[in-house]
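In: Prediction below, plus the sequence it came from.
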Amino acid sequence: MDKAVKLFLWLMFTVAMGTSPLFVRFIASRLDKNPISWSGTLANGDLLIVGAVVAADAIGKIIGVRHNHGDPNPHNVRRAIRVVCGSSCLLLLVLACAEYSQVSGRIDAKVDYNTENVVHDSFMIFAGVVAAGLGVILVVEEQEGQ
């Protein structure tokens, strides 16, 4: 399968469809008397959950690829990119889980929290996951093509 097609499919079905519950929630709130804003939709940290799932998917793709042990140059660029992207996904997965646990704990305890920071951090973590995930898809496609 062409690399561009694989990237498109991953972006469409893993990333875009993964965020679809957030879009549906936002659109459904438009029918209420007091609709919630886009930032209000993200203030509960739901994007952190989606980011954690996307990161876990990327980690699974790295683990699932066959490694070419007969490679005469084991320290090649693809291997370095795989390690960097995989480590980034793992770190962002842990960060997303840690932040979500903080947010959900405060929501459960009915304690005030800085929703602007949650929205900002959610976007930053999610953007990092998508970038690292794109790197994973590119490397996995290269590895499978050999």
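Out: Yep, it's here.

In: drop to CA atoms for contacts and neighbour counts, all remaining ones
Out: OK.

In: by contact count, what packs against the longest helix along the chain?
Out: The single longest helix within the chain, with elements called by DSSP state H, is helix 77-108. When contacts are defined as 3 or more Cα pairs under 8 Å, 6 or more residues apart in numbering; DSSP states H and E, helix 77-108 sits against helix 46-64, helix 115-144.

In: Save those as JSON lines, and put in mean neighbour count, distance to Thr14 and mean pLDDT too.
Out: Listed next are those as JSON lines, based on neighbours: other Cα atoms under 10 Å; distance: least, Cα to Cα, whole Å; pLDDT from 0 to 100:
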{"stretch": "helix 46-64", "mean neighbour count": "21", "distance to Thr14": "7", "mean pLDDT": "94"}
{"stretch": "helix 115-144", "mean neighbour count": "19", "distance to Thr14": "10", "mean pLDDT": "89"}
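
In: Which among those is found nearest to Asp32?
Out: helix 46-64 (20.3 Å; Cα to Cα).

In: Centre of the chain to the closest one, how far?
Out: Offset of helix 46-64 from its chain centre (Cα atoms, centre = their mean, to the nearest Å): 5 Å.

In: ok, back up a step: redo the helices and strands packed on helix 77-108 as JSON lines? Include distance to Tyr100.
Out: Shown next, in JSON lines, are the helices and strands packed on helix 77-108 (distance: least, Cα to Cα, whole Å):
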{"stretch": "helix 46-64", "distance to Tyr100": "6"}
{"stretch": "helix 115-144", "distance to Tyr100": "9"}
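
In: Nearest to Ala28, out of these?
Out: helix 46-64 (15.9 Å).

In: Count residues in the vicinity of Arg30, would you?
Out: 13 (other Cα atoms under 10 Å).

In: quick one, what contacts it?
Out: With contact taken as Cα atoms under 8 Å, 6 or more residues apart in numbering, Arg30 is in contact with Ile36.

In: now swap in Ala52 and tell me
Out: Leu92, Leu93, Val94, Ala96, Cys97.

In: do Ser37 as well
Out: Taking Cα under 8 Å, 6+ apart as the test, what Ser37 contacts is Phe26.
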